[in-house]
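> A structural model of the following input is requested.
(one chain, ligands or ions: 1)
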Amino acid sequence: MAESGKAPLLVVLSGPGGVGKGTLATALIAADPKLALSRSWTTRPRRKDDLADAYVFVSEQDFLAHRNQQGFLEWNKFLDHYYGTPVPDPETQQDLLLEIDVAGGRQVLDHQPDALMIFVEAPSEAEQRRRLLSRGDDPTRAEERIAEGKRETQEAKDLGYSFITNDNLAQTVTEIKELINEKRG
Ligand code: 5GP
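Okay, here's the model as predicted:
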């Protein structure tokens, strides 16, 4: 429980690949000592732009064993690989930022309807494609991610996410900080 006695806030950051969620998450955590980043587990291979601590990289066998022990708050299979948020430490004092897909966001809302749901969009599809290719996705994977992003956008609308276009990093960080502060009250 947080100091106020309230359960920590869950802030869910979703959006298609290549919109800059990782950079946003890093900036938000750096600017807010009350916010901690949840470190997901994944079975996907490490990518060249992944920071060393971006994920806990595990085998499919280890992922499924952890899932079967109810070790995840939410999990999903996204484009052939598993991703999951470990159950947060119940003693945590900090609010938690989850950078997860919309299917995972839906599961979070089931547990905590009060979670703050934010969907980040790219300024344009061309810019999203450019970012995906420059970070090391092959062209087929990039197109799959763009198509999946369109499907996710619709699902996020249905779930009532707040939408933000990431045109400018500093401005987007400010907008998200405002949403978090409003929610903290
Ligand atoms: P990437 O392969 O680009 O790192 O991530 C692919 C997608 O999986 C992104 O939409 C990312 O937000 C999502 N993701 C990352 N970690 C998790 C997680 O723990 N749970 C869920 N449901 N999605 C995740």
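
> Which residue, other than its chain neighbours, is closest to whatever residue of the chain ends up closest to the ligand?
Proximity of the chain to the ligand (CB to the nearest ligand atom) peaks at Gly104, 2.4 Å away. Where C-beta positions appear, they are placed from N, C-alpha and C, glycine not excepted. Computed as CB to CB, 6 or more residues apart in numbering, the closest residue to Gly104 that is not its neighbour in sequence is Glu74, at 4.4 Å.

> Can you tell me the element the one you found falls in?
For Glu74, the element it lies in under DSSP states H and E is strand 72-78.

> Would you mark the buried spots in that strand?
In terms of neighbour count (16 or more other CB atoms under 10 Å), strand 72-78 has its buried residues at Phe72, Leu73, Glu74, Trp75, Asn76, Phe78.

> That strand and the ligand, are they touching?
Yes - Strand 72-78 reaches the ligand (CB under 6 Å from any ligand atom) through Glu74, Asn76, Phe78.

> now swap in stretch 39-47 and tell me
Yes - using CB under 6 Å from any ligand atom, stretch 39-47 reaches the ligand at Ser40, Arg44.

> Identify the residues contacting that stretch?
53, 55-60, 63, 66, 72, 80-86, 98-100, 135-137 (CB atoms under 8 Å, 6 or more residues apart in numbering).

> Among the residues you listed, which ones are in strands?
Val56, Phe57, Phe72, His81, Tyr82, Tyr83, Gly84, Thr85, Pro86, Leu98, Glu99 (DSSP state E).

> Now that we have those residues, which of them are buried?
Using 16+ other CB under 10 Å, the buried ones in those are Phe72, Tyr82, Tyr83, Gly84, Thr85, Pro86, Leu98, Glu99.

> For Ala7, state which of the ones in strands among the contacts of stretch 39-47 is nearest.
Looking at the ones in strands among the contacts of stretch 39-47 and their distance to Ala7, the nearest is Leu98, at 14.4 Å (CB to CB).

> what's that closest one in contact with, if anything?
Counting by CB under 8 Å, 6+ apart, Leu98 touches Leu10, Val11, Val12, Leu13, Ser38, Ser40, Thr85, Gly104, Gly105, Val108.

> From Ile146, how far out is Arg47?
Distance, Arg47 to Ile146, by CB to CB, to the nearest Å: 17 Å.

> So the two - more neighbours on which side?
Neighbour totals were compared for Arg47 and Ile146, and Ile146 leads with 17 against 11 (other CB atoms under 10 Å).

> can you pull the contacts of the residue nearest the centre of the chain?
Ranked by distance to the mean C-alpha position of the chain (CA atoms, centre = their mean), the top residue is Glu99 at 1.4 Å. Contacts for Glu99 (CB under 8 Å, 6+ apart) come out as Leu13, Ser14, Lys21, Gly22, Ala25, Leu37, Ser38, Ser40.
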